[in-house]
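J.: Quick one: sequence plus predicted model below, questions after.
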Amino acid sequence: MTLDLAVVTASLATLVLAELCDKTQIAAIALASRGSPLKVFAGSSLGFILANVLMIALGGWLYSALPAELIRVASGILFIATGILTLRVSEKVVSPGEGGFLQALSLVGIMELGDKTNLATLALAASTGAPLEVLIGLIIAALLLMGLAVAAGSALARALSPQKVKLVASAILIGIGAALLVEPLLRSMA
């Protein structure tokens, strides 16, 4: 069996372009700014991969079973809750080197469900008939994207005081959550 490198490359390019500066990458930046970069990298990469592997493995079932608006509302609420918890948790709990893996895994994994990256993964797997190549492109994209996000979050943590990092991370998470909740209302008004 030979790998179709064109499909791997198309998968990698499509997923990087679809995800670059997306809400899940911004969440990884925020999480890395207040937690262990290695744990956030591992958790966010695994969450990203698992959520998108679901689309490869299950095809369109998940997307058709759960309305996109329900996923958007759940995602918005999760972001806002995480932002509020970021403000409420003591500095001791969110000091660098502690926590991060499970929060990054669950937040990024849930945020990816129903996201444009999920749809791109589904379309790539369905149109190429090469799920292994799509998976390889997905894994490379996840490592690249979440690595960039964690590096940015770590730099943010070094540049700002812990209190400012907490405020910035909370504002980012709450802002993303609010945008996810408000966007459907704005679309319906247009």
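T.: Structure received.
J.: Tell me which helix or strand in this structure has the weakest average pLDDT.
T.: helix 61-65 (a mean of 51; mean pLDDT, DSSP states H and E).
J.: what ranges do the strands span in this protein?
T.: For the chain, no strands are identified by DSSP state E.
J.: The residue most central in space within it: what's it in contact with?
T.: Nearest to the geometric centre of the chain sits Thr24, at 2.6 Å (C-alpha atoms, centre = their mean). Thr24 makes contact with 44, 48, 107-108, 111-112, 115, 117, according to C-beta atoms under 8 Å, 6 or more residues apart in numbering. For glycine as for every other residue, the C-beta is placed from the backbone atoms N, C-alpha and C.
J.: and it, how far is that from Ser44?
T.: 7 Å (C-beta to C-beta, to the nearest Å).
J.: how near is the residue lying closest to Leu148 once chain neighbours are set aside to Ser45?
T.: Counting by C-beta to C-beta, 6 or more residues apart in numbering, Gln25 is the residue found nearest to Leu148 once chain neighbours are left out, at 7.4 Å. Distance, Gln25 to Ser45, using C-beta to C-beta: 11 Å.
J.: Neighbour count for those two, which is higher?
T.: Ser45 (24 against 21; other C-beta atoms under 10 Å).
J.: show me the contacts for the more buried one.
T.: Counting by C-beta under 8 Å, 6+ apart, Ser45 touches 142-143, 146-147.
J.: List the residues that contact the closest residue to Ala152 other than its chain neighbours.
T.: Closest residue in space to Ala152, ignoring its immediate chain neighbours: Ile29 at 4.8 Å, by C-beta to C-beta, 6+ apart. By C-beta under 8 Å, 6+ apart, Ile29 lies in contact with 149-150, 152-153, 156, 172.
J.: Please, where are all the helices along the protein?
T.: Listed in chain order, the helices of the chain (DSSP state H) span 5-19, 23-32, 37-58, 61-65, 68-88, 101-112, 116-128, 131-159, 162-189.
J.: hey, least reliable of the ones you listed by pLDDT?
T.: For the helices of the chain, mean pLDDT drops lowest on helix 61-65, to a mean of 51.
J.: What separation is there between Leu15 and Ala130?
T.: 14 Å.
J.: what about those two, which has more around it?
T.: Leu15 (26 against 19).
J.: My guess is the more buried one contacts Leu122. True?
T.: No. In this structure, Leu15 is not within contact of Leu122 by C-beta atoms under 8 Å, at 11.7 Å.
J.: give me every residue that touches Ile77.
T.: The neighbours of Ile77, taking C-beta under 8 Å, 6+ apart as the test, are 177, 181.
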